[in-house]
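Novice: Fold the stuff below for me.
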Amino acid sequence: MAEAVAAGGADGSGVQHERTVYAAGGGRKLFFSFLFLVLLPFYLSIPAMIFMRVRHGLYFDAIGLGIMATAFTILMVLIVIELLFSIRARVAFGEESVKMTLPSGRGPTPMLRYRSYDIPYDKVHTVETRREIYGGSLVPVLLKGARLITKNDEGGEGQAIPIGYVSEANMDPAFPYPEIARKIAERARLPLIDRGNVRRSFRRKFFGIKGRRVNEVDLVDEAQIAELNQSHRSVVMGLVGGLLLLIVVGIVDDLASEVPIGQTASTALSVSPAR
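Specialist: Modelled structure (predicted):
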């Protein structure tokens, strides 16, 4: 959610800037807080449930519950990440500087660590955006990233500060990072530099491995992106078609069998009356 109020320009140009704040809304914070508190008791009870099954020799049940616990853990980690992001992430444009509290760091859990910045507009050297492409035709992921580079003491390039990434297929209205980068460039009176499209390694991104050479990323043109999207649509349509075929086969098999639909074979067996 972006809130804006009028504020005088501080760059000496007399241009009136709006004091804009990008932050998650109260409904988003309430939803993830409520979801986390509701699921937490069930999640904490899983180890005791597994222990009781192992204690009574129900090893197969314990294995199944362990698989469910793994999926539950992944879900809880995602909820915690979203909860922390909705509470802590914030970008505020002031008259003389932009204040940002955003995820920081590289590696498997960059969303759990945050860092705050207060960057004067006259200390911004460059503002850049680019599209990063991960995966192949099966599961391609297109992310639009933005970052700014501060000035050092000599006026050259200083620290590179990532602003954030947003999926082009699911744009976050609370934090439209390309729009935030554009506003930073406008207030710093700099051009917004588009670095184009690059293909990145998901393994390096996930584990926080920095590239050792500049040419480790491959430039991708719009034609290749269109071909990648078309190949992805074909693969998805094939998967959906295969799933529908399996559903049809299952329905036909149920209709052709002598067991009534919705009744398992075990319950269809006749049970001798009690004497």
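Novice: I'd like to know how far Phe36 sits from Arg88.
Specialist: From Phe36 across to Arg88, the span is 15 Å (C-beta to C-beta, to the nearest Å). For glycine as for every other residue, the C-beta is placed from the backbone atoms N, C-alpha and C.
Novice: now do Ile46
Specialist: The gap separating Ile46 from Arg88 is 28 Å, by C-beta to C-beta.
Novice: now Val21
Specialist: Counting by C-beta to C-beta, the gap from Val21 to Arg88 is 14 Å.
Novice: where does the stretch 101-250 of the chain have low pLDDT?
Specialist: Applying pLDDT under 70 to the stretch 101-250 of the chain picks out residues 105-111, 135-140, 169, 200-222, 224-225, 229, 232.
Novice: All the strands of it, residue numbers only.
Specialist: Along the stretch 101-250 of the chain, the stretches classed as strands by DSSP state E, counting those that start in this stretch are 114-120, 124-134, 141-151, 157-167, 192-199, 218-219.
Novice: Those: which one's closest to Met76?
Specialist: Each of those was checked against Met76 via C-beta to C-beta, and the shortest separation belongs to strand 114-120, namely 19.3 Å.
Novice: Does anything pack onto the closest one? Which helices or strands?
Specialist: Contact analysis of strand 114-120 by 3 or more C-beta pairs under 8 Å, 6 or more residues apart in numbering; DSSP states H and E lists strand 97-103 as its packing neighbours.
Novice: List the buried residues for the strand it packs on?
Specialist: Of all the residues in strand 97-103, those buried under the rule 16 or more other C-beta atoms under 10 Å are 97-98, 100, 102-103.
Novice: who's in contact with that strand?
Specialist: For strand 97-103, the surrounding residues in contact (C-beta atoms under 8 Å, 6 or more residues apart in numbering) are 85, 88-92, 110-121, 161-164, 184, 187.
Novice: will you turn the buried residues of strand 97-103 into CSV that also has distance to Leu255?
Specialist: Listed next are the buried residues of strand 97-103 as CSV, based on distance: C-beta to C-beta, whole Å:
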residue, distance to Leu255
Ser97, 69
Val98, 64
Met100, 60
Leu102, 56
Pro103, 53
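Novice: measure Gly26 to Gly164 for me?
Specialist: Using C-beta to C-beta, Gly26 is found at 21 Å from Gly164.
Novice: Which one's more surrounded, these two?
Specialist: Regarding Gly26 and Gly164, a neighbour count based on other C-beta atoms under 10 Å identifies Gly164 as having more, with 21 against 10.
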